[in-house]
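Enquirer: Take a look and give me a structure for this.
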Amino acid sequence: MLNIVIFGAPGSGKGTQSEKLIEKYGLKHVSTGDLLRSEIKKKTKLGLMADSYISKGQLVPDEVVIRMIEGLFEKHQGTPGFIFDGFPRTLTQGKALDEILDKKGEKISMVLSLEVEDEELIERLLKRGEISGRSDDNRETIELRLKVYYEQTAPLKEFYREQGKLVRITGHGSIDTIFESMATVVNRIIA
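Expert: Sure thing, here's the model as predicted:
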């Protein structure tokens, strides 16, 4: 099974590149952001709780996200693999994901880290906010999300680097150029 974590700061292109990887390799997309936004839209108990964190630029508590991920594995047995987009976001989640996969005799194959400078991230997110109308894409919330990313999520790079799974990908350039860099790395593993 091919299990990829796509990693990067908000606005680095994780969602866009995930779609291309899914199309090429037939992976099941696991986006905690999409799952949480769906729950928020439905105004479920989980959604309301998640929204209280997300609207402030904070991360949803680990135990909530981990329970959601465990449920996904049960629903999608027999898939050729998963691409994790926006999960894990903390060391606790990274360790929990390893444990969940280990119970199933699986592991993370690689972690693709999209590397983009902060100013470009901010510009991309402001532009996305103008186009999509997402209320969390304003400068104040974006800067807070980046701060949270560096404090809570960036330590995962070291966690995966120590496991020999971290691959840094330059997140500048055209979508296709970035994807070609990613596909080259994935093809080496599955060849």
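
Enquirer: Give me the helix or strand of the chain that scores worst on average pLDDT.
Expert: helix 62-75 (a mean of 77; mean pLDDT, DSSP states H and E).

Enquirer: And the contacts of that one?
Expert: Contact with helix 62-75 is made by 30, 32, 35, 46, 49-50, 87, 89-90, 92-93, 96-97, 100, 104, as judged by C-beta atoms under 8 Å, 6 or more residues apart in numbering. For every residue, glycine as well, the C-beta is placed using N, CA and C.

Enquirer: from those, which would you call buried?
Expert: Taking 16 or more other C-beta atoms under 10 Å as the criterion, what is buried in the contacts of helix 62-75 is 30, 32, 35, 46, 49-50, 87, 89-90, 93, 96-97.

Enquirer: Farthest pair within the residues you listed?
Expert: Farthest apart among the buried ones among the contacts of helix 62-75 by C-beta to C-beta are Met49 and Leu97. That separation is 21.1 Å.

Enquirer: What pLDDT does the model give Gly11?
Expert: With respect to pLDDT, Gly11 scores 92.

Enquirer: Now it. Its backbone dihedrals?
Expert: phi 90, psi 0 (degrees, to the nearest 10).

Enquirer: Tell me how far the residue located most distally from the centre of the chain lies from Phe159.
Expert: Of all residues in the chain, Ala191 has its C-alpha farthest from the mean position, at 24.7 Å, by C-alpha atoms, centre = their mean. According to C-beta to C-beta, to the nearest Å, Ala191 stands 26 Å off from Phe159.

Enquirer: can you pull the contacts of the residue nearest to the spatial centre of the chain?
Expert: Taking C-alpha atoms, centre = their mean, the centroid of the chain lies closest to Gly86, which sits 2.0 Å from it. Gly86 makes contacts with 14, 31-33, as judged by C-beta under 8 Å, 6+ apart.

Enquirer: Now the buried ones among the contacts of helix 62-75 in CSV, please, with extra columns for pLDDT.
Expert: Converted to CSV, the buried ones among the contacts of helix 62-75 look like this (pLDDT from 0 to 100):
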residue, pLDDT
Val30, 88
Thr32, 81
Leu35, 79
Leu46, 78
Met49, 84
Ala50, 84
Phe87, 87
Arg89, 85
Thr90, 87
Gln93, 90
Ala96, 92
Leu97, 93
